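Peer 1: Structure for this input, please:
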Amino acid sequence: MLGNLSLGAVVLCFLAAAVMDYRTCQVYRLFWWIALIADVLLWINRADTLDYGGLPGLILFCLLQQFFFCKMYGRADCHGFCVGAITLFCMGGSLWDYLMLMLCAFLLLLAVQVFRRNINRQGNLKKPVAFIPYLTSAFLLYLWKI
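Peer 2: Residues are numbered from 1 along each chain as shown. Below is the predicted model:
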C-alpha cells in the first residue's frame, strides 16, 4: 500500500513538473524534493526485494547528471532524471534502465521537434522547448513497461 502511494506521489510530481515546465519553462525544486521523499518511502517499502548490486550504477548516473549533464540541459531536467532513476532502481531497474530512460526522452524530443521543424542544420533546437514533458512521457512509458 505504501509503495503504491509513494509511486503515485512520484508520478504526480512528474506530471505537475511537466505542466509547470510546459507553461513557464521553469520547475520548482519542491516537486523534486517531494518526489525524492516519496522515493525514499518506496525504497524503504521495497528494501528487502532490492538488488543493491545496482546501487553504484544509480550513484554514478546521478553524479553524472548533477555534475556533467547539467551543463548540457537545465538543472530541473537533471533532477528529473535522478528522481526517475531512483524510482526505477526501487522498481528493480539498473544503470541500463536509467540510460534507456534518457534515450527514450531524447528520442521523443527529437521525433516531435523534427515534426515541428524546430531543429537547425547543426542539430540544435531553433527555439528552446520544455523538456520535462518529454522526460515525464518517457518515464511513464518506462514504468508501464516494468
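Peer 1: Distance-wise, check the nearest residue to N45 once chain neighbours are set aside relative to C82.
Peer 2: Residue nearest to N45 in three dimensions, not counting chain neighbours: G3, with 4.1 Å by C-beta to C-beta, 6 or more residues apart in numbering. (Each C-beta comes from the backbone N, C-alpha and C, glycine too.) Distance of G3 to C82, given as C-beta to C-beta, to the nearest Å: 20 Å.
Peer 1: Could you name the residue of the protein that is farthest from its center?
Peer 2: Within the chain, R121 marks the point farthest from the mean C-alpha position, 27.9 Å out by C-alpha atoms, centre = their mean.
Peer 1: Checking it next. Helix, strand or coil?
Peer 2: Assigned with DSSP: H, G, I helix; E, B strand; the rest coil, R121 falls in the coil class.
Peer 1: Would you state the helices of the chain in chain order?
Peer 2: Counting by DSSP state H, the chain has helices at residues 2-24, 29-45, 55-67, 75-90, 95-115, 132-145.
Peer 1: and the second one, what other elements does it pack with?
Peer 2: Contacts defined by 3 or more C-beta pairs under 8 Å, 6 or more residues apart in numbering; DSSP states H and E place helix 29-45 against helix 2-24, helix 75-90.
Peer 1: and the residue most central in space within the chain, what is it in contact with?
Peer 2: Nearest to the mean C-alpha position of the chain, counting by C-alpha atoms, centre = their mean, stands F81 at 3.2 Å. Going by C-beta atoms under 8 Å, 6 or more residues apart in numbering, F81 touches F61, Q65, F69, Y98, L101, M102, A105, L135.
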